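S.K.: pasting the sequence and the predicted model now:
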Amino acid sequence: MRIDVVIELIIPDNTAFTVLTALRHLGYAELQAVDRAEHIILTTDENAQPSELVAHLAQAEVVFNPNKHRLSYSVENGATSTEPAELEALVSDKDEDNSRLVRLLTTTFGVSGVRDIERAVGWRLRDTHGPASRERLEWACRELLANRISQRYDIRPRPHAASVRETAAAPTKGGR
């Protein structure tokens, strides 16, 4: 099973503002807003319970700080929606090794059932006509958002994610 955990800032995002300004200077004059989110895509055991796993992940301060982040998740099931969705560009490093993060989360923070992790940055652009088109997102990735030598990108419909509210759920291991 794959779980896409989305971590978004609830405080002003200076990086997104810088990208907004840069893309406007590169010729995207209609651009109105840029949103950025970190995606942690977990490959898990088939018997893993997504809500429990994400609740444990929400306690792992190495990836999530409730004072400045909002957390949501979706379970990738291969189904496609027939309704038009907002598109996002998912940019990831080609040669990233997340084995140390998997080990840290599964041992120190007790996030059991995780077999692999992929990390990416999700970019959503909105202009005067609404969410940016696939062509606009591809242009933005080629021009600024992705380094073609060390990164790859995928334009995809933004998943419908369930929000996770910070609770005093399971305490983390290691006395945290």
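M.R.: That came in fine, so what should we check first? Model, not experiment: these values are computed from the prediction.
S.K.: what residues sit buried inside stretch 21-40?
M.R.: 22-23, 28, 31, 34-40 (16 or more other C-beta atoms under 10 Å). For the C-beta atoms, the positions are set from N, CA and C on the backbone; glycine is no exception.
S.K.: show me which of these is closest to residue 151.
M.R.: Using C-beta to C-beta, residue 39 is the member of those that sits closest to residue 151, with 13.6 Å.
S.K.: residues contacting the closest one?
M.R.: Residue 39 makes contact with 4-7, 90, 118-122, according to C-beta atoms under 8 Å, 6 or more residues apart in numbering.
S.K.: direction included, what does the helix or strand where it lies pair up with?
M.R.: For residue 39, the enclosing helix or strand under DSSP states H and E is strand 31-44. Strand pairing for strand 31-44, determined by DSSP bridges: strand 2-9 (antiparallel), strand 114-127 (antiparallel).
S.K.: distance from the chain centre to it, please.
M.R.: Strand 31-44 has its average C-alpha position 3 Å from the chain's average C-alpha position, going by C-alpha atoms, centre = their mean, to the nearest Å.
S.K.: what mean pLDDT does it have?
M.R.: Mean pLDDT, computed over strand 31-44, is 97.
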